[in-house]
Each structure stands twice: as structure tokens, then as C-alpha cells.
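[1] here you go, sequence then predicted model.
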Amino acid sequence: MDSYVIERSQFSELVRYSRPMMTAAGSFTIIIMVVGVLGNLLTLVALLRHSKIRTVAAAFIASYYFFSLCLSDLLFCFLVLPFSASQFFHGTWIHGEILCTMVPTLRYGTIGVSLLSIASISINRYILIAWPQLYSKIYTKTKVILYIAAIWLFSYGLQVPTLMGKWGEYGMDEKLGTCSIKRDKNGNSSKTALFIIGFALPSVIIVVCYSNIFWVVRKSHKRLAQHCTNDGKFKRSEMKITKMVLVIFVCFVVCYLPITISKVFDPEVKHAPLHVLGYLLIYLGSCVNPVVYVTMNKQYRNAYLETLRCKYNSNLDSQSPGNTPTKTQGMSVAYLKKNPNPNVY
């Protein structure tokens, strides 16, 4: 055969995916899987072992969200992408009905955790910059752990009705030729709600937060330029993290928007290559964050290098000899309490 043919039970047409395209897509998926597993695993180890990348309390709080984000991406690469690659190579699902339910559940759950984590970091950045007097009250280690636990419970909790067959059901979607959410016997599906709750709403929150962040920063640009003390260093450090989160969100949108557009404007899958490209971009999104950390943050780069060299007790660690916390490293909470005026940013 010159092509894989997936027969639709409810349609007279056939969806044809050429063999070279499917082989190339499967190979690319494997590359993404390997890079994603190694990159996210390296990031998790660096976050756990190197406290230099959490030099101030505000950055320390953000690192919890980064950890959640990388963990969800790692699970996606390790548990979802192998089956995606297999389906590309075989042209169909060969792993049985149970995994045809479990894999899309993991896919939707991890994607929800990723975007909600990014949205939470955006809110964190906004409160830090616009409402610093409230920051230390809202963000403590215990509260942040609870916030992150709520993100995971909420993302996977949304899958429960579908798992029970009460709001759509998991199974082989004949139109897409992949395991996904399809309509139940009553014609219901959770796809639209998951898109609104798990993608559209967090995206709006992120856009609103960053619009306000850059409005505050722009309003006080002259004052920001005048602060060259440790306070100024603290603010610049936090703004670097804020910009990094913005880049992560932009990458997320670039990776997830094409498949969304394809599903909305081509529900009958008449342009199969566009859907394949959309899925590959989704997979690419799971390994792009470590690249952003490396290119935009020198401390992350150093932490990665030291992790690869197995030098955990290096000068990156704040407990190392000769590397006692500086005024800047320990100032954030006290600074925020003493400077509640957002205009200093």
C-alpha cells in the first residue's frame, strides 16, 4: 500500500496519511521524546539540587511552579509520546482499549497542568510587581504547595466525568484516527469545555496579567533606571524571570494554536498533513521549556552544567563554603514589606 488508510465507521470518505509522512512524523516524535525526557529531567534535578537558581524568596516560590511545569512535561514525554510515535509508525492504534483510555487521559491532564502552571506563575509575577505588599501573605511555601496540588487535582479531576462515560467518552475517534475524547451515546463531549477551561481561560488570565505587568513597568521606567542598588538588582532579577515566563507562554501558544485551528476549521480532517503538523507542534511544546531556561537564564545554564558534571555541592549551592547568602539573596520578603508602592518597579 502507498498509504495508511483509516476507515471511518460513520463517514463514507477515507482519511489517507502517506507512509513517508507518517514515518517522518514518528521519527520526529521519538526525537522530541528523547530531548524532552532528558531536558525536563535535567531541569528537575537542577531545581532540586542547586539553590543558586532560587537566590531570592520570590524566585524560590516561582521555582515550585517551574518544577510542576517540568514534571508535567516529563510525564507527557515519558508516558504519552511513545504511544504517539507507535501510532505514527503503525498507522493505527495497536495497544488495546484500556490504553486507548489511559493515554488521552494523561495527555489532556498534563496539558492542563502545564498551562495552568504557566497561568499561576503569571499571577505570581503580577502580584509581586503590582501588589508587593500582599505577596508574602499570599505566597508561602505551604500555600504554594497547596496551589500546585490544586492545579493537578483540578486538571485530572476534569477527566473523571469522561472516564465514567458521563461527559463524552475516551476511545478511537474515527475522524481523527487517534484515541481521543468522542461523543457519548447522548451526543455529549467534554472537548469544548476542556478547551475553554484548560486553554482559553488560562490564556486570557496570562494576557491580562502581562498587560498589567508591562503597564506598571512602563509607567515607572524612569524610576527603575535610577535604582542601581541591591534593590535594583532584585527587581531586575525578578523581571528576568517574568520575561522568561512570557516567552514560555508564547512558545506554548505557538505550539498549541495550530492544532486548535485545524480542529475548528477542518473537523472532517480533509487536510491530514495540517493535523499531523499540529500534533507534532504539541509534542514539541513538551521539550521547549528547558531550552528557554538555558537561553534566558545564566543561573539555569550553570546549574545544568554542574548537574551534568555531578557537582551538586558546587559554588552554585548557597550552602557551599564561601557562598553565604548576600543581602540581595535574602532581601526579597523584607524588601516587599518595606516597599509596598508598586511604582518603584
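    Perfect, I can see it now. Numbering: from 1, shown residues only.
[2] all strands for the chain, in order.
    Under the criterion DSSP state E, the chain contains strands at 3-7, 14-18, 169-173, 178-182.
[3] which of the ones you listed has the lowest mean pLDDT?
    Between these, the lowest average pLDDT goes to strand 3-7, which shows a mean of 38.
[4] contacts only, for S84.
    Contacts of S84 were listed using C-beta atoms under 8 Å, 6 or more residues apart in numbering, and they are T29, Y279, Y283. Bear in mind the C-beta positions are built from the backbone N, C-alpha and C, glycine included.
[5] just give the number of residues close to F252.
    23 (other C-beta atoms under 10 Å).
[6] I118 is in contact with that one, correct?
    Yes. With contact defined as C-beta atoms under 8 Å, F252 reaches I118; the gap is 6.3 Å.
[7] common neighbours of these two, please.
    With C-beta under 8 Å, 6+ apart, F252 and I118 have no common neighbours.
[8] under the pLDDT cut-off, which ranges of the stretch 1-150 of the chain? List them.
    Of all residues in the stretch 1-150 of the chain, those with pLDDT under 70 make up the ranges 1-17, 50-60.
[9] just the helices in it please.
    Assigned by DSSP state H, counting those that start in this stretch, the stretch 1-150 of the chain shows helices spanning 19-49, 57-75, 81-90, 96-130, 132-138, 141-157.
[10] relative to G168, which of the ones you listed is closest?
    When the helices of the stretch 1-150 of the chain are compared by C-beta to C-beta, helix 96-130 sits nearest G168, at 10.7 Å.
[11] quick one, that closest one and helix 81-90 angle?
    130 degrees (axes from the mean of the first three to the mean of the last three C-alpha atoms, to 10 degrees).
[12] where's helix 96-130 relative to the chain centroid, distance-wise?
    Chain-centre distance of helix 96-130: 6 Å, with C-alpha atoms, centre = their mean, to the nearest Å.
[13] identify each buried residue in it, please.
    Applying a neighbour-count criterion of 16 or more other C-beta atoms under 10 Å, one finds 100-130 buried in helix 96-130.
[14] swap in stretch 148-166?
    I148, I151, W152, S155, Y156, L158, Q159, P161, T162.
[15] ditto for stretch 250-266
    C251, F252, V253, C255, Y256, P258, I259, S262, K263.
[16] and the gap between the residue nearest to the spatial centre of the chain and A200?
    The centroid of the chain falls nearest to S114 when counting by C-alpha atoms, centre = their mean (3.2 Å). S114 sits 15 Å away from A200, going by C-beta to C-beta, to the nearest Å.
[17] and the gap between S120 and C287?
    Computed as C-beta to C-beta, the S120 to C287 distance reads 21 Å.
[18] about what we covered before: W167: which of the contacts of S84 is nearest?
    Of the contacts of S84, the one sitting nearest to W167 (C-beta to C-beta) turns out to be Y279, at 23.4 Å.
[19] surely that closest one meets I259?
    Yes. If you go by C-beta under 8 Å, Y279 and I259 touch, sitting 6.2 Å apart.
[20] anything in contact with each of these two?
    In terms of C-beta under 8 Å, 6+ apart, Y279 and I259 are not both contacted by any residue.
[21] coming back round to it: output the helices of the stretch 1-150 of the chain as a markdown table; include the columns distance to K243.
    Formatted as a markdown table, the helices of the stretch 1-150 of the chain follow (distance: least, C-beta to C-beta, whole Å):
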| stretch | distance to K243 |
| --- | --- |
| helix 19-49 | 18 |
| helix 57-75 | 12 |
| helix 81-90 | 29 |
| helix 96-130 | 9 |
| helix 132-138 | 18 |
| helix 141-157 | 21 |
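[22] so which of those helices is nearest T192?
    The nearest among the helices of the stretch 1-150 of the chain, by C-beta to C-beta, is helix 96-130 at 12.9 Å.
[23] what's the angle from that closest one to strand 169-173?
    110 degrees.
[24] report the mean per-residue pLDDT for stretch 266-284.
    Per-residue scores along stretch 266-284 average to 83.
[25] how far is it from where the chain is centred?
    What separates the centre of stretch 266-284 from the centre of its chain is 20 Å, taken as C-alpha atoms, centre = their mean.
[26] make a markdown table out of the contacts of S84 and add neighbour count and distance to C209.
    Shown next, in a markdown table, are the contacts of S84 (neighbours: other C-beta atoms under 10 Å; distance: C-beta to C-beta, whole Å):
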| residue | neighbour count | distance to C209 |
| --- | --- | --- |
| T29 | 25 | 33 |
| Y279 | 19 | 29 |
| Y283 | 23 | 27 |
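[27] of those, which is the nearest to F195?
    Within the contacts of S84, distances to F195 taken as C-beta to C-beta reach their minimum at Y279, with 15.7 Å.
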